[in-house]
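Visitor: Sharing a sequence plus its predicted fold:
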Amino acid sequence: MVLRAIALIVVSVALAAPAHADAKDDAFIANLNTSGMNYGAPERAIQVAKTVVCGTLGDNPNTSNADLVTKVTNATNWPALNAAYFTGAAIQAYCPQYGSLTPPTLPSRAPSPSTAPSLPPTPSVQPA
C-alpha cells in the first residue's frame, strides 16, 4: 500500500512537471531575467520571440528596429523600452543572422588631396 502511494506521487509529480525547454530557450529566459523586466509566462515570451521578432525578420529581413519594437509592443502591451530590450534578446537567441555583433564599417571620411582645403599662406615677417 505504501509503495503504491509512493508510485502515485512519483507519477503525479512527473506528469505535472512542465516540458523542458532547450538550451536556446533557457539562455533567452536567463537574459530576460537579468533585465529585470516582467515578461510574463516564459512560454509566451519564447513564442513572441520566435514568431513576432524572428518571423517578421524572416518575412522581411529589412524590417527596421522601430517596426520590430512596435510589433512586440502591440503583441504584448509592454512599454517600448522593454519591447526594445526583448527584441534584441530575441534576435540574439533565435535569429542572430539578422543581427550584427560588430558595427558596420563606415567609409573613410579623410579628404582626398584634390578636395582638401588649402591652408592660408603663412604671413611673412619683415625685419624692422
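Guide: Ah, there it is. Numbers count the residues shown, from 1 in each chain.

Visitor: Tell me how many other residues surround the closest residue to residue 84 other than its chain neighbours.
Guide: Residue nearest to residue 84 in three dimensions, not counting chain neighbours: residue 69, with 4.9 Å by C-beta to C-beta, 6 or more residues apart in numbering. Every C-beta, even on glycine, is put in place using the N, C-alpha and C of the backbone. For residue 69, the count of nearby residues is 21 (other C-beta atoms under 10 Å).

Visitor: Locate residue 69 within the secondary structure: which element?
Guide: Using DSSP states H and E, residue 69 sits in helix 65-76.

Visitor: Pull the residues that contact that helix.
Guide: Contact with helix 65-76 is made by 40, 48, 52-53, 56-57, 78-80, 83-84, 86-87, 90, as judged by C-beta atoms under 8 Å, 6 or more residues apart in numbering.

Visitor: Ok, stretch 30-40 next?
Guide: 45, 76, 78, 82, 85, 86, 89, 92, 93.

Visitor: 6 Å instead?
Guide: 45, 82, 85, 89 (C-beta atoms under 6 Å, 6 or more residues apart in numbering).

Visitor: Repeat that for stretch 85-92.
Guide: Contacts of stretch 85-92 (C-beta under 6 Å, 6+ apart): 31, 35, 49, 53, 68, 69, 72, 98, 99.
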